[in-house]
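Peer 1: no sequence on this one, just coordinates:
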């Protein structure tokens, strides 16, 4: 890859090293890593909220929906401030929504298994697995949050190693 990229290969190497470092942080500090990701998202919401509010005020003459833009900007600001202030709450809420979604999908699959004979086995199996997963997530969202971040960390390390080694060859 270094030959095909030329002098810019170092950029790909740096990208790989950053991915490896992120992966290691995610493995050794999964909760702090997810809090950091939530905080970054919160700051992005604060920034976009400010941009929407300021932009809509300056463009009231050109934008008929400026009041909706201000409302959206205010909502972004409020959510951003909440997420930055209490990132664990934001992450827990998100993981709980995943758990609720998994339970609903599990119940839907079980209903489909009762209704449709040809795929009964696979629908029932998928429904039960989804239901169990959803219940486990609801019972302990923190453990599942950490598990998701650890899997993300492993992926980042593998990705980073492959990109780095490929850029050096």
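Peer 2: That came through, no problem. As the structure is a prediction and not an experimental result, all values here were calculated from the model.

Peer 1: shouldn't residue 23 be in contact with residue 149?
Peer 2: No. Applying Cβ atoms under 8 Å, one finds residue 23 not in contact with residue 149, separated by 10.2 Å. Just so you know, the C-beta spots here come from the backbone N, C-alpha and C atoms, and that holds for glycine as well.

Peer 1: measure residue 77 to residue 58 for me?
Peer 2: 17 Å (Cβ to Cβ, to the nearest Å).

Peer 1: relative to residue 71, how far out is the spatially most distant residue from the centre of the chain?
Peer 2: What lies farthest from the middle of the chain is residue 61; by Cα atoms, centre = their mean that is 37.2 Å. According to Cβ to Cβ, residue 61 stands 19 Å off from residue 71.

Peer 1: need the three-state assignment for the residue farthest from the centre of the chain.
Peer 2: coil (DSSP: H, G, I helix; E, B strand; the rest coil).

Peer 1: same check, this time on residue 64
Peer 2: Per three-state DSSP, residue 64 ends up coil.

Peer 1: count the neighbours of it for me.
Peer 2: Look at residue 64: counted by other Cβ atoms under 10 Å, it has 8 neighbours.

Peer 1: same question, residue 65
Peer 2: For residue 65, the count of nearby residues is 11 (other Cβ under 10 Å).

Peer 1: distance of it from residue 55?
Peer 2: Counting by Cβ to Cβ, the separation of residue 65 from residue 55 is 12 Å.

Peer 1: average pLDDT across stretch 83-91?
Peer 2: Mean pLDDT, computed over stretch 83-91, is 89.

Peer 1: check which residues of it are buried.
Peer 2: Burial within stretch 83-91, assessed by neighbour count using 16 or more other Cβ atoms under 10 Å, is assigned to 83-84, 87, 90-91.

Peer 1: now find how far off-centre that stretch is within its chain.
Peer 2: With Cα atoms, centre = their mean, to the nearest Å as the basis, stretch 83-91 stands 13 Å off its chain's centre.

Peer 1: neighbouring contacts of it?
Peer 2: Outside stretch 83-91, the residues that touch it by Cβ atoms under 8 Å, 6 or more residues apart in numbering are 31, 34-36, 38-39, 41-43, 45-46, 82, 145.

Peer 1: filter those residues down to the buried ones, PyMOL style.
Peer 2: Buried residues within the contacts of stretch 83-91, by 16+ other Cβ under 10 Å, are selected in PyMOL with:
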select buried, resi 34+35+38+39+41+42+45+46+145
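
Peer 1: in a markdown table, list the contacts of stretch 83-91 along with distance to residue 126 and secondary structure.
Peer 2: As requested, those are exported to a markdown table (distance: Cβ to Cβ, whole Å; DSSP: H, G, I helix; E, B strand; the rest coil):
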| residue | distance to residue 126 | secondary structure |
| --- | --- | --- |
| 31 | 30 | helix |
| 34 | 27 | helix |
| 35 | 32 | helix |
| 36 | 34 | helix |
| 38 | 30 | helix |
| 39 | 35 | helix |
| 41 | 31 | helix |
| 42 | 35 | helix |
| 43 | 38 | helix |
| 45 | 35 | helix |
| 46 | 40 | helix |
| 82 | 35 | helix |
| 145 | 23 | helix |
